[in-house]
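# Show me how the following folds:
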Amino acid sequence: MEDFNQIVKNELLYPRSRYYGEFKAENLVFNANLQEFAQKVGFIACLQTSGKLEAHQAYKDIETLWEELKKSKRELGIGEEPPISS
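Sure, this is the predicted structure:
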């Protein structure tokens, strides 16, 4: 029963949506990173709205998360044009 409760808790706190884009490993990894970014931003926004986190700290935290997401995108090569073959 405890395992079931943990599963339900994880699904509530960390929901995952399926991926609908082009199936490539790097796209799946970036999608997971993007979903994690969105969840963390949501948590930070809730903490700031409820007065548990200062606005400037929330901004810094979100900015750090954004930089990590951009780095992930760059390292995975997402959005780069494929080389033109002749």
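# make it CA atoms for all contacts and neighbour counts henceforth
Will do.
# Report the buried residues of the longest helix along the chain.
Taking DSSP state H as the criterion, the chain has its longest helix at helix 25-49. By 16 or more other Cα atoms under 10 Å, the buried positions in helix 25-49 come out as 27-28, 30-34, 36-37, 39-41, 44-45, 48.
# Going by distance to R74, which of those residues wins?
In terms of Cα to Cα, no member of the buried residues of helix 25-49 lies closer to R74 than F30, at 10.0 Å.
# Does the closest one touch G77 like I think?
No. Contact criterion Cα atoms under 8 Å: F30 and G77 do not qualify, at 9.8 Å.
# Check which helix or strand K73 maps to.
Using DSSP states H and E, K73 maps to helix 55-76.
# what is the orientation angle of that helix with helix 25-49?
For helix 55-76 and helix 25-49, the angle between their directions (axes from the mean of the first three to the mean of the last three Cα atoms, to 10 degrees) works out to 180 degrees.
# What are the buried residues along helix 55-76?
58-59, 62, 65-66, 69, 72-73.
# Just put those residues in JSON lines and tack on distance to S17 and pLDDT.
Formatted as JSON lines, the buried residues of helix 55-76 follow (distance: Cα to Cα, whole Å; pLDDT from 0 to 100):
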{"residue": "A58", "distance to S17": "25", "pLDDT": "98"}
{"residue": "Y59", "distance to S17": "26", "pLDDT": "98"}
{"residue": "I62", "distance to S17": "22", "pLDDT": "98"}
{"residue": "L65", "distance to S17": "20", "pLDDT": "98"}
{"residue": "W66", "distance to S17": "20", "pLDDT": "98"}
{"residue": "L69", "distance to S17": "18", "pLDDT": "98"}
{"residue": "S72", "distance to S17": "19", "pLDDT": "97"}
{"residue": "K73", "distance to S17": "19", "pLDDT": "97"}
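# Among those, which one sits closest to E2?
Comparing the buried residues of helix 55-76 against E2 with Cα to Cα places L65 closest, at 32.3 Å.
# Find the nearest non-adjacent residue to that closest one, please.
With Cα to Cα, 6 or more residues apart in numbering as the measure, F37 is the residue that lies nearest to L65, at 6.6 Å, once sequence neighbours are left out.
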